[in-house]
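# okay, structure incoming, though there's no sequence with it:
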């Protein structure tokens, strides 16, 4: 047996691991596609299985639950948004510019906003503890990187304030995104009844205004 | 027939209307009880029907869906919290005092915090348009009253800023409450793994710190 060539068994395992990973990626891609189109609340495990041409029971060999699929996408969302907000924060040196960096990068990512609101309410509730742990470690890593960049942009911020800021930016974007996408029938109702104009939420400007005030307060020396 | 006595038919209708209202109240009370004990996400229509001794099909003569019951409770929550925050704002004249009034009155109402997060994600999605309209008109009335009190407390705030503030206070309290109550198994995980300490959310102080910064920024003259 040549030293660097895998044995037949190793080769099989490598092939099989690669096939498993490809299948997992196909499942996650289908969930992204369906979630982006219709909002993740209404995407079922059967919808995802149908989209990748698997039976539901076969899909459950790759993921624990529907919620685990979307929690994996939430982790992927943090890994993708984290570097994007770091880039947006480069050169931002005022409360308004920092607020804009957060609001713009979040509003550009509607599926991530949907997932941010769904994760604590639904996704973390129907998965194993190990899945929650893995998810939380990904968010921790990204939050730490963003907190570093934020304190570089606004040196008056304490670490605790920077953590509160990331929590507020993501929680508000998630909540307002849900309010802003109530479905076609309710959107029509809000537009048809002038008394309900207040119910129409424009996510990005509202998040930007709120975060600008918050960063201004902290840089003005609020303890 | 005496002038001031209802006719037999009117009497029957009055009795029947009263009985209907009593039954509706009993259903809403049972939903409050179950939601407070176990969190509203896991309360089913069957749970509520069992608690009031009705069959599920009989319960559906009083309410459209499970979601309509909880949306009615969310409206009741706004009607109860509104006056409470107005009282708490009396005498509050600094950003910190105003932030404390919001954070304290919201954190004291865990079921309302649960409902605030659930309403846009789930409750407004499975009810008639008329139910959504009725709900939105209740929130509008309460938001207007709170905005008035808020601008009296902090006259530097514009109406738009005061509306943003009520939205932020309720959205953050709802989202953080969900994060703070992940269930016993996950709470244990967060406490057992020191890397996950960041996942433990203390709702009231975090909301208070964030709102203090926000009100400070707005009173410092952020446009």
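Now that the structure is in, tell me what you want to look at. Fair warning: this is a prediction, and the values are worked out from it, not measured in the lab. Numbering: from 1, shown residues only, chains lettered A, B, ... in the order given.
# helices of chain A, start to end?
Counting by DSSP state H, one finds helices in chain A at the ranges A:8-38, A:45-52, A:56-59, A:66-89, A:95-107, A:110-121, A:129-153, A:159-180, A:184-192, A:203-219.
# now these in a markdown table, with distance to chain B, mean pLDDT and mean neighbour count?
C-beta here means a position set from N, CA and C on the backbone, and glycine is covered the same way. Shown next, in a markdown table, are the helices of chain A (distance: least, CB to the nearest CB, whole Å; pLDDT from 0 to 100; neighbours: other CB atoms under 10 Å in any protein chain shown):
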| stretch | distance to chain B | mean pLDDT | mean neighbour count |
| --- | --- | --- | --- |
| helix A:8-38 | 12 | 89 | 13 |
| helix A:45-52 | 17 | 97 | 17 |
| helix A:56-59 | 23 | 94 | 14 |
| helix A:66-89 | 12 | 98 | 20 |
| helix A:95-107 | 7 | 98 | 23 |
| helix A:110-121 | 4 | 96 | 23 |
| helix A:129-153 | 5 | 97 | 18 |
| helix A:159-180 | 4 | 97 | 23 |
| helix A:184-192 | 5 | 91 | 14 |
| helix A:203-219 | 3 | 97 | 24 |
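# nearest to residue B:28, out of those helices?
Comparison of those against residue B:28 by CB to CB identifies helix A:110-121 as nearest, at 22.1 Å.
# got a list of what the residue nearest the centre of chain A touches?
Geometric centre of chain A, nearest residue: residue A:112, 3.4 Å, by CA atoms, centre = their mean. With contact set as CB atoms under 8 Å, 6 or more residues apart in numbering or on different chains, residue A:112 has these partners: A:74, A:77, A:80, A:81, A:106.
# could you dump those to CSV with distance to residue B:173?
Below are the contacts of residue A:112 laid out as CSV (distance: CB to CB, whole Å):
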residue, distance to residue B:173
A:74, 22
A:77, 24
A:80, 28
A:81, 24
A:106, 20
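# which among the residues you listed gets closest to residue B:68?
residue A:74 (29.4 Å).
# my guess is the closest one meets residue A:136, correct?
No. Between residue A:74 and residue A:136 there is no contact under CB atoms under 8 Å: 10.8 Å.
# need the residues touching each of those two.
Joint contacts of residue A:74 and residue A:136 (CB under 8 Å, 6+ apart) do not exist.
# and the helices of chain A: which comes nearest residue B:156?
helix A:203-219 (11.3 Å).
# quick one: distance of the closest one to the chain centre.
20 Å (CA atoms, centre = their mean, to the nearest Å).
# between that helix and helix B:159-180, how many degrees?
90 degrees (axes from the mean of the first three to the mean of the last three CA atoms, to 10 degrees).
# so helix A:203-219 versus helix A:110-121, what angle?
70 degrees.
# how close does residue A:101 sit to residue A:134?
28 Å (CB to CB, to the nearest Å).
# likewise residue A:104?
Applying CB to CB to residue A:104 and residue A:134 gives a distance of 29 Å.
# returning to that earlier point: wait, which of the contacts of residue A:112 is closest to residue A:62?
Checking the contacts of residue A:112 one by one against residue A:62 (CB to CB), the nearest turns out to be residue A:74, at 17.2 Å.
# list the contacts of the closest residue to the closest one other than its chain neighbours.
Residue nearest to residue A:74 in three dimensions, not counting chain neighbours: residue A:115, with 4.2 Å by CB to CB, 6 or more residues apart in numbering or on different chains. Residue A:115 makes contact with A:35, A:40, A:70, A:73, A:74, A:77, A:123, A:174, according to CB under 8 Å, 6+ apart.
# need the pLDDT of the second one.
Per-residue confidence (pLDDT) for residue A:40: 94.
# same question for residue A:221.
73.
# quickly note the distance from the residue nearest to it when sequence neighbours are not counted to chain B.
Of all residues not flanking residue A:221 in the chain, residue A:156 sits nearest, at 7.1 Å (CB to CB, 6+ apart). Using CB to the nearest CB, to the nearest Å, residue A:156 is found at 11 Å from chain B.
# mind listing what residue A:156 touches?
Counted by CB under 8 Å, 6+ apart, residue A:156 has contacts A:218, A:219, A:221.
# before we move on, the earlier item: closest one to residue B:9 among the helices of chain A?
helix A:184-192 (36.3 Å).
# what sits up against that closest one?
A:182, A:196, A:197, A:199, A:200, B:124, B:129, B:132, B:133, B:136.
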